[in-house]
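Asks: The sequence and its predicted three-dimensional model are supplied below.
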Amino acid sequence: MPRLATVDPATAEGQARTLLGRVERALGVTPNMMRAMANSPAVLDAYLQFSGALSKGRLPAAVQEQIALTAAVQNECGYCLAAHTVLGAKAGVSPDDLVAGRDGHASDPRVQAALTFAKQVIASKGFVADDDLAAVRAAGYSDGEIGEIVAAVALNTFTNYFNSVGQTTLDFPAVEGVALRD
C-alpha cells in the first residue's frame, strides 16, 4: 500500500496541474511516481528539470537507462527497476543488456565501463578511488561525460529513494526474479 498519496491530474490545481499536464503530453500517461511527486510541485518540477537537462547531455539515452537499471538494483527499488526496464527497451537497450544492466554489466565494453563506474559511485557514496576514475577515462569518457554519469546516479538515487519511501504503486510490468525489498 502506498505511503504517499498520488495527485489525480484531473483534479490537480495550480502548478501541480500544469506539470502533470506536461508529463501526460510528453509520455501519454502520468506515472504514479510523478503523481506522488506532485504533492509538492517543487519536487516534481525539480525532477522534470533535472531529467530534462540530462536528456540534452552527451550520454545516450540507452546508457542513461542502463545506469538507471544498475541504480535501481543497487538501491533496491522495484518501481524504478520496472520503469527503466520498459524505458530502456524503448531507448533501444537489448533484452540481454536490460538483464545485464541490473548487475552493472553491458555487452559493449565502453558502456560496461560507465556502469562499473556508476556502481562504484553508489557503493562508495561518491568517494571513488583514483583507479575507478582512471578506468572510466581509459574507456574514452570525458570529464563532462563522467559528470553526467554522476548526475545520472544522483537523479536515479533520488527516484529510488522517493519510491522506496513512498512505496509507490507499480504501474509498469513487474520484473520477476530479482530480490528487492519493495
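Replies: Received, thanks. Numbers count the residues shown, from 1 in each chain.
Asks: I figured Thr116 was touching Gly104, is that so?
Replies: Yes: counting by CB atoms under 8 Å, Gly104 is a contact partner of Thr116 at 6.1 Å. Placement of C-beta: from N, CA and C, glycine included.
Asks: more crowded one of those two?
Replies: Neighbours were counted for Thr116 and for Gly104 using other CB atoms under 10 Å; Gly104 has more, 23 against 18.
Asks: if I look at the nearest residue to that one once chain neighbours are set aside, how far off is Val136?
Replies: Excluding the flanking residues, the one nearest Gly104 by CB to CB, 6 or more residues apart in numbering is Lys119, at 4.0 Å. The gap separating Lys119 from Val136 is 11 Å, by CB to CB, to the nearest Å.
Asks: If you count surrounding residues, which of those two has more?
Replies: With neighbours defined as other CB under 10 Å, Lys119 and Val136 compare such that Val136 has more, 23 against 20.
Asks: What separation do you get for the residue nearest to Gly104 and Gly52?
Replies: Using CB to CB, Lys119 is found at 25 Å from Gly52.
Asks: For the top helix by length along the chain, buried residues please.
Replies: Across the chain, the longest stretch assigned as helix under DSSP state H is helix 143-166. For helix 143-166, the buried set under the neighbour-count rule, 16 or more other CB atoms under 10 Å, comprises 145-146, 148-153, 155-160, 162-164, 166.
Asks: name the helices or strands packed onto that helix?
Replies: With contacts taken as 3 or more CB pairs under 8 Å, 6 or more residues apart in numbering; DSSP states H and E, helix 143-166 sits against helix 32-37, helix 41-54, helix 61-74, helix 78-90, helix 109-124, helix 130-138.
Asks: Among those helices, which comes closest to Ala10?
Replies: Proximity to Ala10 (CB to CB) singles out helix 32-37 among the helices and strands packed on helix 143-166, at 11.0 Å.
Asks: Point out where the chain drops to low pLDDT.
Replies: Along the chain, segments meeting pLDDT under 70 span 182.
Asks: how about stretch 150-162 as CSV, C-alpha atoms only?
Replies: Output of stretch 150-162 as CSV, limited to C-alpha atoms (Å, rounded to 0.1, in the frame of the first residue of the first chain):
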residue,chain,number,x,y,z
VAL,A,150,27.5,11.0,-11.6
ALA,A,151,24.4,13.2,-12.3
ALA,A,152,22.5,10.1,-13.6
VAL,A,153,23.4,8.2,-10.4
ALA,A,154,22.2,11.2,-8.3
LEU,A,155,18.9,11.5,-10.3
ASN,A,156,18.2,7.8,-10.1
THR,A,157,19.1,7.6,-6.4
PHE,A,158,16.6,10.4,-5.8
THR,A,159,13.8,8.5,-7.6
ASN,A,160,14.9,5.2,-6.0
TYR,A,161,14.6,6.7,-2.5
PHE,A,162,11.4,8.6,-3.3
